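Undergrad: need a structure here:
(one chain, ligands or ions: 1)
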Amino acid sequence: MRVLVVGATGAVGKAVVTELAARHEVLQASRSSGIYPVDIAQASSIAALFKKTGKIDAIVAAFGNVHFGLLGEMTGEQFRIGINNKLMGQVELVLQGQHYLNDGGSITLTSGILSDEPIRLGANASAVNRAVEGFVCGAAVELPRGMRINVVSASVLVESLPTYAPFFIGFDAVPAARVAMAYARSVDGADSGKIYRVR
Ligand SMILES: NC(=O)c1ccc[n+]([C@@H]2O[C@H](COP(=O)([O-])OP(=O)(O)OC[C@H]3O[C@@H](n4cnc5c(N)ncnc54)[C@H](OP(=O)(O)O)[C@@H]3O)[C@@H](O)[C@H]2O)c1
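TA: A predicted model of the protein is given here:
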């Protein structure tokens, strides 16, 4: 299969690329990619990406910024960081990408454990993650031509603890390679509308 991974250079994306490259042609897109550069915050940039990839069999989204901060100090502008980047970036990737997917193709999005397990400073992340999951739930019943869509909701990665450990005290961290297996199940399997919770 030809699989497009957006966010291929990230902690999640790198592990997904390693897992999928064993049996698929993986097109690696990211903000700084030399071959498939994309700014997921710009619809026109996503359009240029798909024009370059042409028809594909699977799309994986492994990106998404959110705002971490105290609810009592949060502004609407800060809240919109998660909406505009992690939510609308993935939504736009689906809205445009469905037209480039071959019959039976799949889309795999990314949410995260904060949709189920809230933490302090995480209101934007919890809201956006649930919105992504809600979008997948709704889109799955409508996608034509046998196309499928799923979402992976992982706990914090072992590899990301140097950055995120203070936010996730008491959480079980998961190795990126194990998280990547959920993306593989979505790409290679038959599920649609599923939330893979990797905990
Ligand atoms: N890390 C964790 O512990 C963890 C756990 C559960 C869920 N998640 C979720 O997984 C997703 C990825 O997290 P991560 O930790 O892997 O992130 P990361 O290491 O910061 O990597 C982010 C990736 O997204 C790309 N990117 C960033 N801004 C972009 C833009 N505007 N346009 C296009 N590409 C852009 C980066 O490209 P460049 O390198 O080219 O800039 C990079 O490939 C996020 O939604 C996060 O919430 C992460």
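
Undergrad: Write out the residues of the chain neighbouring the ligand.
TA: Listed as neighbours of the ligand in the chain under the rule Cβ under 6 Å from any ligand atom: 7-13, 30-33, 38-41, 62-64, 86, 110, 112, 154, 156-157, 160, 164. All C-beta atoms are positioned from the backbone trio N, CA, C, and that covers glycine.

Undergrad: So which residue is smack in the middle of the chain?
TA: Thr110 (2.9 Å; Cα atoms, centre = their mean).

Undergrad: That residue against Val151, yeah?
TA: Yes. Shown here, Thr110 and Val151 form a contact pair, counting by Cβ atoms under 8 Å, at 6.8 Å.

Undergrad: Quick check: beta-bridge partners of the residue nearest to Arg178 when sequence neighbours are not counted?
TA: Excluding the flanking residues, the one nearest Arg178 by Cβ to Cβ, 6 or more residues apart in numbering is Val198, at 6.3 Å. In this entry, Val198 is beta-bridged to Ala154, by DSSP bridges.

Undergrad: I figured Val198 was touching Ala182, is that so?
TA: Yes. Because the distance of 5.1 Å satisfies Cβ under 8 Å, Val198 is recorded as touching Ala182.

Undergrad: which of the two has more neighbours?
TA: More crowded of Val198 and Ala182, by other Cβ atoms under 10 Å: Ala182, with 24 against 18.

Undergrad: A strand includes the more buried one, no?
TA: No. Ala182 is assigned helix when assessed by DSSP: H, G, I helix; E, B strand; the rest coil, not a strand.

Undergrad: what about it, distance to the ligand?
TA: 11 Å (Cβ to the nearest ligand atom, to the nearest Å).

Undergrad: Let's see the pLDDT reported for the closest residue to that residue other than its chain neighbours.
TA: The shortest distance from Ala182 to any residue other than its chain neighbours is 3.8 Å, reached at Tyr196 (Cβ to Cβ, 6+ apart). At Tyr196, the model reports a pLDDT of 98.

Undergrad: other SSEs contacting the helix or strand where Tyr196 lies?
TA: Assigned by DSSP states H and E, Tyr196 falls within strand 195-198. Applying 3 or more Cβ pairs under 8 Å, 6 or more residues apart in numbering; DSSP states H and E, one finds that strand 195-198 contacts strand 148-154, helix 176-188.

Undergrad: Would you mind listing the buried residues in that strand?
TA: For strand 195-198, the neighbour count (16 or more other Cβ atoms under 10 Å) marks Ile195, Tyr196, Val198 as buried.
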